[in-house]
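Q: Here is a sequence with its predicted model. Questions after.
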Amino acid sequence: MSALRELYQEVILDHGKTPRNFGKPDSATCESNGHNPLCGDTVTIYLTVKDNIVEDVGFEGRGCAISIASASMMTEILRGKNVDEIRDMFERFHHLVTADEAACDGGFDGEDFEKLMVLSGVKEFPMRVKCATLAWHTMQAALKGNDQEVTTE
Ligand code: ZN
C-alpha cells in the first residue's frame, strides 16, 4: 500500500510541476474562476463546448500541487465527453475523494478511474479535499454559465 501511495504522490507532483492543458484555448466558449481561500489556490477553467460536447479544455491557476494536479488530470479526462456525462462524473469524483468506500468506479471508464484514484488519498485530509475539488466545482460553474467566482468556503 505504501508503494502505491508513493506512486500516487509521484503522479500528483508530476502533474503539479508540469500541468497538462495549461492555458486558455482560443476557441473557449465558457470559463469560470475558482478560489480556495483555505489554501490560497486559484484556478480558471476554460471550456469549448459544442453540441453538448466538451471539444477542448484548458486551465490556468496557482496553488498547491494537489489543486494543480487535480485540474490537470480533470482536463485530460473531460475532452470529448458530453456535458451530461460530466455532471455525473463530478458526483462520482466528489464521492471518490470524500467517502470511505471505494465502490464508485461506475461511470468512468477504466483509464479515467485509474487517473482519478490517484487523488483518492486526500479523503484522509479534509482540508485537502477542497484543493482536489476546486477545479471540478469551477468547471461545473463554467458549464452552467455562472461567471461569479466559485469559492470552496
Ligand atoms: Zn491547495
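A: Thanks, I have the structure now.
Q: Do I have it right that residue 42 meets residue 64?
A: No: judged on Cβ atoms under 8 Å, residue 42 makes no contact with residue 64 at a distance of 11.0 Å. Just so you know, the C-beta spots here come from the backbone N, C-alpha and C atoms, and that holds for glycine as well.
Q: helices or strands up against the strand or helix carrying residue 75?
A: Secondary-structure element containing residue 75, defined by DSSP states H and E: helix 65-78. Here helix 65-78 touches helix 2-17, strand 41-50, strand 53-62, helix 110-117, helix 126-144, going by 3 or more Cβ pairs under 8 Å, 6 or more residues apart in numbering; DSSP states H and E.
Q: Among those, which comes closest to the ion?
A: Closest approach to the ion among the helices and strands packed on helix 65-78 is made by helix 126-144 (3.1 Å; Cβ to the ion).
Q: Now look at stretch 36-48 and say if it contacts the ion.
A: Yes: legend: contact between stretch 36-48 and the ion by Cβ under 5 Å from the ion is shown at 39, 41.
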